[in-house]
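Undergrad: Sequence first, then the predicted structure, then my questions.
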Amino acid sequence: MKLDRIDVTILNALQTNGRMTNVELSEMVNLSPSPCLLRVKKLEAKGYIQGYSAQINIAKLGQTLTVFTEITLKNHRQLDFARFITAIEKVDQVIECHLVSGGYDYLVKFVTTGIDEYQTIMERLLDLDIGIDKYFSFIVLKSPLIKVHLPLASLLQQ
């Protein structure tokens with residue numbers, strides 16, 4: 001499916017405010033409500049829109065700790081990667097996991113209640129014997145910028 005200007009405008013609008021009504025969205029993109037809704041349904045069906053969620057203000061939750069962890073596996077067979085991912089998917093405190101190039105294999109983002117919980121999780125992962133060779137932890141002190149919106153205009157330039 002090739003996205004046109006209206007599709008991109010719809011995606012931009014919904015990533016900014018996923019709770020807007022179809023009528024509000026249709027006015028924003030200069031379509032009548034029915035064709036607008038059909039476009040949204042098509043974008044959902046084609047997987048461009050994966051879902052809708054609330055953005056939680058982590059500062060309001062009390063004390064939390066965000067940690068980025070570089071993880072290197074002992075072996076690099078497909079089975080080793082699959083075993084690691086199967087285990088890491090079960091850890092609720094893992095909110096991102098990226099297979100990366102460079103000096104380590106995965107960059108994992110944890111959000112925990114504190115350093116004790118984080119260390120307990122890492123010890124449990126090591127005890128599971130899922131192939132972790134080494135890991136390095138980077139504790140986030142402050143996050144002056146977190147964007148949740150994709151730069152669609154530049155990503156979709158042809």
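TA: Sure thing, it's come through.
Undergrad: which residues touch the strand or helix carrying Ser34?
TA: When elements are assigned from DSSP states H and E, Ser34 belongs to helix 33-45. Outside helix 33-45, the residues that touch it by Cβ atoms under 8 Å, 6 or more residues apart in numbering are 1, 6-7, 10-11, 14, 22-23, 25-26, 29, 31, 49. C-beta here means a position set from N, CA and C on the backbone, and glycine is covered the same way.
Undergrad: pLDDT below threshold where in the protein?
TA: Applying pLDDT under 70 to the chain flags the ranges 158.
Undergrad: residue furthest from the geometric center of it?
TA: Centroid-distance maximum for the chain: Ser32 at 32.4 Å, with Cα atoms, centre = their mean.
Undergrad: ok, for that one, nearest residue in space, not its chain neighbours?
TA: Take Ser32 and drop its neighbours on the chain: the residue closest to it by Cβ to Cβ, 6 or more residues apart in numbering is Ser26, 6.1 Å away.
Undergrad: residues near the closest residue to Leu156 other than its chain neighbours, how many?
TA: On the basis of Cβ to Cβ, 6+ apart, the spatially nearest residue to Leu156 that is not a chain neighbour turns out to be Val8, at 5.7 Å. Using other Cβ atoms under 10 Å as the criterion, Val8 is surrounded by 16 other residues.
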